[in-house]
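Student: Sequence first, predicted coordinates after that:
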Amino acid sequence: MIAELQASDGLRLATLEAQAQSGVSERQLNAALADTDACVVGYFQENALVGYALVARLPFDAELQAIGVDPAHRHLGLGYALMQAVMLKAAEWQSECLLLEVRVSNKAAISLYQRFDFKVDGQRKGYYPAVQGAAGREDALLMSRTFS
């Protein structure tokens, strides 16, 4: 089941993010839960929060700021279901475009976004810190999907 999360879900969300490691801080998550121009949708399985997506409303667009799934529940379609919920929220907000950025090495996420007709708009060189155990920095792909 997918539902919008509330401020009271902050601890559950922080616990999930610690496992999913999408790169969002607990402070950012709590701010999003309290912000009327943001929405955090959660994927629940038997009352356990196992996935989430954070989308923010911008003046004309929406931005997917994070998506995280518990590692034990990956590759089961949760990301797809969460993206559907994000797309519905962006459409509800009457956004012209949905924006996101993703590590160039995150092939699974890029493939998911391409299934939703996201196109690559550009690249930010050295945007992300290296993943654990690696040296240097990693590029980000900038992607978007327009709504008709």
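Tutor: Received, thanks.
Student: What is the longest helix along the chain packed up against?
Tutor: Criterion DSSP state H: the longest helix present in the chain is helix 78-92. In terms of contacts (3 or more Cβ pairs under 8 Å, 6 or more residues apart in numbering; DSSP states H and E), helix 78-92 is packed against strand 2-4, strand 38-45, strand 48-57, strand 62-69, strand 97-103, helix 107-115. Just so you know, the C-beta spots here come from the backbone N, C-alpha and C atoms, and that holds for glycine as well.
Student: Flag every buried residue along it.
Tutor: 78, 79, 81, 82, 83, 85, 86, 87, 89, 90 (16 or more other Cβ atoms under 10 Å).
Student: Make a markdown table from the helices and strands packed on helix 78-92 and add mean pLDDT to it.
Tutor: Formatted as a markdown table, the helices and strands packed on helix 78-92 follow (pLDDT from 0 to 100):
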| stretch | mean pLDDT |
| --- | --- |
| strand 2-4 | 95 |
| strand 38-45 | 96 |
| strand 48-57 | 96 |
| strand 62-69 | 96 |
| strand 97-103 | 96 |
| helix 107-115 | 95 |
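Student: so how far is the longest helix of the chain from its chain's centroid?
Tutor: In terms of Cα atoms, centre = their mean, to the nearest Å, the centre of helix 78-92 is set 10 Å apart from its chain centre.
Student: mean confidence score for it?
Tutor: Per-residue pLDDT over helix 78-92 has a mean of 96.
Student: what's in contact with that helix?
Tutor: Helix 78-92 is touched from outside by 2, 39, 41, 43, 50-53, 55, 62, 64, 67, 69, 98, 108-109, 112-113, 115-116, 147, with contacts defined as Cβ atoms under 8 Å, 6 or more residues apart in numbering.
Student: Just the buried residues of the residues you listed.
Tutor: By 16+ other Cβ under 10 Å, the contacts of helix 78-92 give 2, 39, 41, 43, 50-53, 55, 62, 64, 67, 69, 98, 109, 112-113 as buried.
Student: Identify the residues contacting the closest residue in space to residue 113 that isn't next to it in sequence.
Tutor: Closest residue in space to residue 113, ignoring its immediate chain neighbours: residue 143 at 5.5 Å, by Cβ to Cβ, 6 or more residues apart in numbering. Contact analysis of residue 143 by Cβ under 8 Å, 6+ apart lists 99, 100, 101, 102, 110, 113, 118, 119, 120, 121.
Student: Appreciated, that's everything.
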